[in-house]
Each structure stands twice: as structure tokens, then as C-alpha cells.
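Peer 1: Provided below for reference: sequence and predicted model.
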Amino acid sequence: MHVGAKFGRLRFAGLTGERTRDGHLIGRFGCDCGQTADVATSRVRSGTTRSCGCLARETAAGVHTTHGGRSSPEYGCWQAMVSRCCNPESKDFPRYGGAGITLCPEWRSFAAFLAHIGRRPPNTSIDRINGNRGYEPGNVRWATPRQQAHNRKDLTIVTTPLGAMALADYAKRIGLTKGAAHLRLKRGKLEGVAIV
């Protein structure tokens with residue numbers, strides 16, 4: 001991390017010479033709002049901390065307006081995410097929290113979650129980019145059903161005469177269903193196509 005490097009609203013000014021209780025270096029950062037903050041450099045580098053705290057305060061203030069908060073679609077998605085990762089009574093817990101899918105501690109706060117991911121675009125839902133990692137900064141996005149389908153663990157990527165792509169996309173281009181293309185691939189009857 002070099003002096004002047006920008007991370008969200010924070011600009012690195014230098015190391016303080018101190019460490020957190022768990023040994024991470026603490027850096028001094030100037031925030032766009034004019035304040036300074038001493039923060040673990042690892043939290044800033046990972047995107048967990050993006051401001052001196054002003055971003056969370058602004059988001060929290062917005063949550064309590066008539067166009068945010070508990071009645072918002074973002075709140076419903078957040079609440080379901082927290083439940084499936086942290087509540088053993090949730091019907092989805094066995095596939096998430098029970099299977100090791102974690103929720104970063106900062107996102108137990110709706111304001112912090114919303115500050116990171118922003119408002120939900122129409123026809124999207126929460127999606128983990130890497131399905132093996134938890135709900136954490138850098139691994140979560142609002143995604144369309146098509147994007148989520150492409151992100152599934154059972155997605156088959158193939159090389160084709162048209163380049164590398166999902167088997168489902170290639171099947172659509174050549175006028176087959178995904179099932180028919182998969183069967184032909186399995187039987188070696190899709191010429192020039194191989195699983196990556």
C-alpha cells in the first residue's frame with residue numbers, strides 16, 4: 001500500500017506504527033469528508049472499511065426515510081441472508097450457515113450492508129460471486145436470474161468453434177436445449193466442443 005492510494009473514500013497517509021489485537025498493521029487514512037481514521041490496513045484493502053464511518057452514517061440516515069428501511073426490498077434480502085447464515089431455525093440454514101457459508105460480522109448491520117452493496121436494481125437478487133465463499137465485501141452483488149444461473153456450481157463451461165462459453169449458451173446458439181447438448185457432448189457427438 002503506497003501513500004496516496006485511494007480505497008473507497010479513504011486515502012492512505014501512512015502507517016501509525018501500531019497493530020490491532022490480532023496483529024494487523026494500522027494505517028492512518030484521510031477521508032473524503034475531511035476526517036481522519038486509524039484503521040487496520042487489511043480491512044481497507046479488502047473493502048470491509050471504505051470510509052471513516054461517514055458512509056455508514058449517511059446510509060443509516062437514508063434507511064430511516066420513507067424510501068428505505070424495513071419496507072425496502074434491500075432490507076428483505078438482507079434479513080433473509082442473515083437468517084439463512086446465522087439462524088439454525090431457518091429452513092435454509094443447513095445449506096448456508098450449516099454448510100459453512102458465513103456472513104461477515106460487519107454485515108449484521110443493515111446500514112453497513114446497504115452502504116457496501118447499494119440499492120437493488122429491478123429484477124435482481126443477492127448473489128455470491130464465488131459460491132464457496134461467504135457473504136462478504138467483494139463477493140456479493142445484485143444479479144439477474146440469468147447471471148445467477150451462470151454462477152451455479154454445476155455450470156458446464158466448454159470450448160466451442162465460437163470460443164469458450166457456457167454449454168447452455170452454446171446450445172441456444174445452435175438451436176438445441178441444454179439437455180440435448182449435454183447428451184450429445186457426453187456421447188461425443190458435438191463436433192469441436194470439449195469441457196474446459
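Peer 2: Right, received. Where do you want to start?

Peer 1: Partner strands of the lengthiest strand in the chain, with direction?
Peer 2: In the chain, assigned by DSSP state E, the strand with the most residues is strand 10-19. Strand 10-19 pairs in its sheet with strand 6-7 (antiparallel), strand 25-31 (antiparallel), by DSSP bridges.

Peer 1: Quick check: buried residues in the longest one?
Peer 2: For strand 25-31, the buried set under the neighbour-count rule, 16 or more other CB atoms under 10 Å, comprises 26, 27, 28, 29, 30, 31. From N, CA and C alone the C-beta is placed, and that goes for glycine too.

Peer 1: OK, contacts around the residue lying closest to the last one once chain neighbours are set aside?
Peer 2: Going back to what we said before, that points to residue 31. In this structure, residue 31 finds its nearest non-sequential neighbour in residue 52, 3.9 Å apart by CB to CB, 6 or more residues apart in numbering. The contact partners of residue 52, by CB atoms under 8 Å, 6 or more residues apart in numbering, come to 9, 10, 29, 31, 33, 35, 36, 37.

Peer 1: out of those residues, which one sits closest to residue 73?
Peer 2: Nearest to residue 73 out of the contacts of residue 52 is residue 9 (CB to CB; 25.6 Å).

Peer 1: number of nearby residues for the closest one?
Peer 2: 18 (other CB atoms under 10 Å).

Peer 1: Same question for residue 166.
Peer 2: Residue 166: 16 surrounding residues under other CB under 10 Å.

Peer 1: Give me the distance between it and residue 48.
Peer 2: Between residue 166 and residue 48 the computed distance is 32 Å (CB to CB, to the nearest Å).

Peer 1: you'd agree residue 39 is up against residue 31?
Peer 2: No: taking contacts as CB atoms under 8 Å, residue 39 lies outside contact range of residue 31: 10.0 Å.

Peer 1: Which residue is the nearest non-sequential neighbour of residue 125?
Peer 2: Residue 125 sits nearest to residue 77 (CB to CB, 6+ apart), 6.4 Å away.

Peer 1: Show me which residues of the helix or strand hosting the one you found are buried.
Peer 2: Using DSSP states H and E, residue 77 sits within helix 73-86. Buried residues in helix 73-86, counted by 16+ other CB under 10 Å: 74, 75, 77, 78, 81, 82, 83, 84, 85.

Peer 1: all helices for the chain, in order.
Peer 2: Ranges of helices in the chain, per DSSP state H, are 41-46, 54-63, 73-86, 110-117, 145-150, 167-173, 178-186.

Peer 1: among the ones you listed, which is the most enclosed?
Peer 2: Neighbour counts (mean count of other CB atoms under 10 Å) averaged over each of these peak at helix 110-117, with a mean of 22.

Peer 1: Convert the C-alpha atoms of that helix to PDB, please.
Peer 2: Output in PDB follows, covering the C-alpha atoms of helix 110-117 (Å, rounded to 0.1, in the frame of the first residue of the first chain):
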ATOM      1  CA  PHE A 110     -28.300  -3.500   7.600                       C
ATOM      2  CA  ALA A 111     -26.800   0.000   7.200                       C
ATOM      3  CA  ALA A 112     -23.300  -1.400   6.700                       C
ATOM      4  CA  PHE A 113     -24.600  -4.000   4.200                       C
ATOM      5  CA  LEU A 114     -26.500  -1.300   2.200                       C
ATOM      6  CA  ALA A 115     -23.500   1.000   2.300                       C
ATOM      7  CA  HIS A 116     -21.500  -1.600   0.600                       C
ATOM      8  CA  ILE A 117     -23.900  -3.100  -2.000                       C
END
